[in-house]
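Student: Here is my input, please return the structure:
(2 chains)
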Number of protein chains: 2
Amino acid sequence: MGRKGIPVPETTQGELTMTANRQVLIASLPSGNMQASDFEVQTAELAPPADGQVLCKTIAITIGAGQRAGLQGSASYAGAPIAGRLMSGTGLATVEESQSPQLRPGDLVVGQTGWQEYSVHDASELRQVDGPADPGLHLGALGTNGLTAYFGLLEVGRPNAGDTVVVSAAAGSVGHMVGQMARLHGCHVVGVAGSEAKCRMLVEELGFHAAVNYKDSDFRSAFRAATPDRIDIYFDNTGGDVLGSALFRMNTRGRIVCCGVVSQYDTANPEPGPRGVPGLLVNNRVRMEGFLVFDYEEQYESARRELSSWVESGSLKPRVTEFEGLESAPDAFVALLSGQTVGTTIVRL
Amino acid sequence: MGRKGIPVPETTQGELTMTANRQVLIASLPSGNMQASDFEVQTAELAPPADGQVLCKTIAITIGAGQRAGLQGSASYAGAPIAGRLMSGTGLATVEESQSPQLRPGDLVVGQTGWQEYSVHDASELRQVDGPADPGLHLGALGTNGLTAYFGLLEVGRPNAGDTVVVSAAAGSVGHMVGQMARLHGCHVVGVAGSEAKCRMLVEELGFHAAVNYKDSDFRSAFRAATPDRIDIYFDNTGGDVLGSALFRMNTRGRIVCCGVVSQYDTANPEPGPRGVPGLLVNNRVRMEGFLVFDYEEQYESARRELSSWVESGSLKPRVTEFEGLESAPDAFVALLSGQTVGTTIVRL
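Tutor: Sure thing, here's the model as predicted:
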């Protein structure tokens, strides 16, 4: 798309060469469903990299549903947000200018670029990746989404061949990879998603054994029918009703992997917790365990090797929904939260 | 109390010598709080033991709050109850008559006697125990209560020295032993109980570091004050509000041991699940795990050896509330469910 070779716009202020930098800011903290109008675009000036730093040009950013939790103003693992601040996020970027021996101009990196065209980082905060400059690969399957699916399923869920694995938000950034990895481990895989089209994709393209639309009026009976041997691992990306239904289908010594609570992020009125907690956990000796992928950082390298080999062999098919242009990031976020995206949500700049 | 040496009342019917046997039956399934009037006492005739069987005379039975779950008519690990049936329960008994080479008259046994004076069992269904005929020891510390505390704390909770361990229903049959065992493992131990008297006993007699009365209007602030380093292990016997409060005090990688749900047993209107599930489990990487003691049966023997040594050395002090006479069993059950008992509830016949 001709991004390479476009000169960086520069202005001079005092002795520093500043870079004009378009950014997306949080304009207001949403009180109910998030709107694109909760964000605003501005152009700011970016100081050049200091010693040990690099100037990066963003190729693409990825948006995750969990970022909505960081905009609730309440405690979350993403920390408290502040209106008027740059929207944070992970990006794939090219090094434009380097004051560090670790990176050279043209190097491809992944880091916390935020929603902006340019960013300056300590070189040590960036992770250099090999080409091609494929955002879906580096921000999806080999990014936080792929690693989250990997460690959540394998380390927390601990699948055995023959287990029934159910995953909610199954067409989402993490879910669509969880299901494929469970299938690779010999499990019977059932996805729960929010549209017929997503359910078809899961079964016809991604090898899920069954998929159930939670918006269908007969969801509960369809869910039961899809899990004739009940559930050994429920990988929960949603909380809410799907978690409630899964709790009543768990096998003895089943595991519930608590990965995310997307049903509760985009609302001012979170639901009460599911009935059946803790009673059903006792009766069925169920383990319900939350995790954050960052806790597995020491194992990222070996995980990425295995994820890469699956992608190369075609046994793991990462899915991506792409948006074009920085200004589309708020719309992409709203689309993601309202279930209109599939796989990893990417905004290409 | 002169129970020994009283002759067994007998009647003759056909060629069999029958034993007149007083029993407590479930008269009706309670719809709200259980009442003593939900039970009735009758005298039935008991056929003599067949080959391989023994006739037992009950010395004492123990009652557990979990038995209330078995009277809800809904699914529970205790199975569905039937009105008009003998109330089930574990008892300490003396073998009166034996048709098995495994047991002799006078032997002391623990088994599923039910709420009755006499019972007939296959010898293989009974566990012979050494004297003295102490119901509090055999049905409490070395019975299901002690084993439940032991495996729940050590195998599910996995305490480390210095951990803060909170236990609900802390003056109850399982809770009072959990706290003492946690203290033995070098933990900071906080009990939650339902009266000032119970709280005093926990701290002054059983070595808890602190105890909080959940019926106090300032429970939440007292609970926070008692857990300045937050909570590493919450041993949950209650569910409900105390679970809800504990969820918000868990440390990163905390463990919630789901042992029982006594707040929900004696009611027709169970509460919804706690807010914070699953969100707080994710943020704090909390593991919440249900267990049943029966799953650890293969380790009972070694556990009983350790429990015995603790009791003998005085480092584990089992507490018992005793009732006198079979007819008092329904009152004992109601007293237990309304929080009027401490430690293991025993009915001596």
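
Student: Can you give me the domain assignment for chain A?
Tutor: Structural domains assigned to chain A are A:10-133+A:319-348, A:144-294, following automatic domain parsing.

Student: okay if I get the ones you listed as a markdown table plus mean pLDDT and mean neighbour count?
Tutor: (Each C-beta comes from the backbone N, C-alpha and C, glycine too.) A markdown table is the format used below for the domains of chain A (pLDDT from 0 to 100; neighbours: other C-beta atoms under 10 Å in any protein chain shown):
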| stretch | mean pLDDT | mean neighbour count |
| --- | --- | --- |
| domain A:10-133+A:319-348 | 89 | 18 |
| domain A:144-294 | 95 | 22 |
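
Student: among these, which is nearest chain B?
Tutor: When these are compared by C-beta to the nearest C-beta, domain A:144-294 sits nearest chain B, at 3.3 Å.

Student: returning to that earlier point: quick one: closest of the domains of chain A to B:Pro105.
Tutor: B:Pro105 sits nearest to domain A:144-294 of all the domains of chain A, at 39.2 Å, using C-beta to C-beta.

Student: coming back round to it: for the domains of chain A, could you give me TSV that also reports distance to chain B?
Tutor: Converted to TSV, the domains of chain A look like this (distance: least, C-beta to the nearest C-beta, whole Å):
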stretch	distance to chain B
domain A:10-133+A:319-348	5
domain A:144-294	3
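
Student: To B:Ala335, which of those lies closest?
Tutor: The nearest among these, by C-beta to C-beta, is domain A:144-294 at 23.2 Å.

Student: Distance from the chain centre to the closest one, please.
Tutor: Its chain's C-alpha centre lies 16 Å from the corresponding centre of domain A:144-294 when counted by C-alpha atoms, centre = their mean, to the nearest Å.

Student: Regarding it, how distant is the last residue from the first?
Tutor: One end of domain A:144-294 to the other measures 9 Å (C-alpha to C-alpha, to the nearest Å).

Student: Need the residue closest to the centroid of chain A.
Tutor: Nearest to the mean C-alpha position of chain A, by C-alpha atoms, centre = their mean, lies A:Gly64 at 3.9 Å.

Student: leaving aside the residues next to it on the chain, what's closest to that one?
Tutor: Excluding the flanking residues, the one nearest A:Gly64 by C-beta to C-beta, 6 or more residues apart in numbering or on different chains is A:Ser173, at 6.1 Å.

Student: check contacts around that neighbour.
Tutor: Counting by C-beta atoms under 8 Å, 6 or more residues apart in numbering or on different chains, A:Ser173 touches A:62, A:64-65, A:140, A:145, A:343-345.

Student: again, only this time at 10 Å
Tutor: Under the criterion of C-beta atoms under 10 Å, 6 or more residues apart in numbering or on different chains, the neighbours of A:Ser173 are A:62-66, A:139-140, A:143-146, A:148-149, A:237, A:260, A:318-321, A:336, A:341-346.

Student: from memory A:Ala332 sits against A:Thr341, does it?
Tutor: Yes - if you go by C-beta atoms under 10 Å, A:Ala332 and A:Thr341 touch, sitting 7.4 Å apart.

Student: Going along the chain, name the helices of the stretch 51-200 of chain A.
Tutor: Along the stretch 51-200 of chain A, counting by DSSP state H, counting those that start in this stretch, helices occupy A:66-69, A:135, A:144-151, A:175-184, A:196-204.

Student: Out of these, the one nearest B:Tyr118 is which?
Tutor: Of all the helices of the stretch 51-200 of chain A, helix A:175-184 comes closest under C-beta to C-beta, at 54.4 Å.

Student: which helices and strands sit right next to the closest one?
Tutor: Using 3 or more C-beta pairs under 10 Å, 6 or more residues apart in numbering or on different chains; DSSP states H and E as the contact test, the elements touching helix A:175-184 are helix A:144-151, strand A:164-168, strand A:188-193, helix A:196-204, strand A:231-236, helix A:300-313.

Student: between the helices of the stretch 51-200 of chain A, which gets nearest to A:Arg224?
Tutor: With C-beta to C-beta as the criterion, A:Arg224 lies closest to helix A:196-204 of these, at 16.1 Å.

Student: could you check the angle helix A:175-184 makes with the closest one?
Tutor: Angle of helix A:196-204 versus helix A:175-184, following axes from the mean of the first three to the mean of the last three C-alpha atoms, to 10 degrees, is 20 degrees.

Student: After helix A:196-204, which helix or strand is next?
Tutor: Going down the chain from helix A:196-204, the next helix or strand is strand A:210-213, by DSSP states H and E.

Student: Which helix or strand lies directly C-terminal to that following strand?
Tutor: helix A:219-226.

Student: And the contacts of that following helix?
Tutor: Counting by C-beta under 10 Å, 6+ apart, A:164, A:166, A:188, A:190-192, A:199, A:208-214, A:216, A:218, A:230-231, A:241-242, A:244-246, A:248-249 sit against helix A:219-226.

Student: can you tell me the distance between the two ends of stretch A:125-140?
Tutor: 19 Å.

Student: next one: stretch A:271-287
Tutor: End-to-end distance of stretch A:271-287 (C-alpha to C-alpha): 22 Å.

Student: cool, stretch A:333-348 as well?
Tutor: 13 Å.

Student: ok, now stretch A:225-233?
Tutor: So stretch A:225-233: terminal residues 17 Å apart, C-alpha to C-alpha.

Student: Skipping adjacent residues, who's closest to A:Glu155 in space?
Tutor: Excluding the flanking residues, the one nearest A:Glu155 by C-beta to C-beta, 6+ apart is A:Tyr296, at 6.7 Å.

Student: Correct me if wrong, but the one you found is in a strand.
Tutor: No - looking at A:Tyr296 with DSSP: H, G, I helix; E, B strand; the rest coil, it is helix, so not inside a strand.

Student: Correct me if wrong: it contacts A:Leu153.
Tutor: No - if you go by C-beta under 10 Å, A:Tyr296 and A:Leu153 don't touch, sitting 11.9 Å apart.

Student: who touches both of these two?
Tutor: In contact with both A:Tyr296 and A:Leu153: no residue, using C-beta under 10 Å, 6+ apart.

Student: picking that back up, count the neighbours of the residue nearest to A:Glu155 for me.
Tutor: Neighbourhood size, A:Tyr296 [other C-beta atoms under 10 Å in any protein chain shown]: 18.

Student: tell me the contacts of it?
Tutor: Per C-beta under 10 Å, 6+ apart, neighbours of A:Tyr296: A:147-148, A:150-152, A:154-156, A:303.

Student: Then A:Ala197?
Tutor: For A:Ala197, counting by C-beta under 10 Å, 6+ apart, the contacting residues are A:171, A:213, A:342.

Student: ok, now A:Pro278?
Tutor: Contact partners of A:Pro278, counting by C-beta under 10 Å, 6+ apart, are A:286, A:288, B:236, B:238-240, B:243, B:256-261, B:264, B:273-274, B:277, B:288-290.
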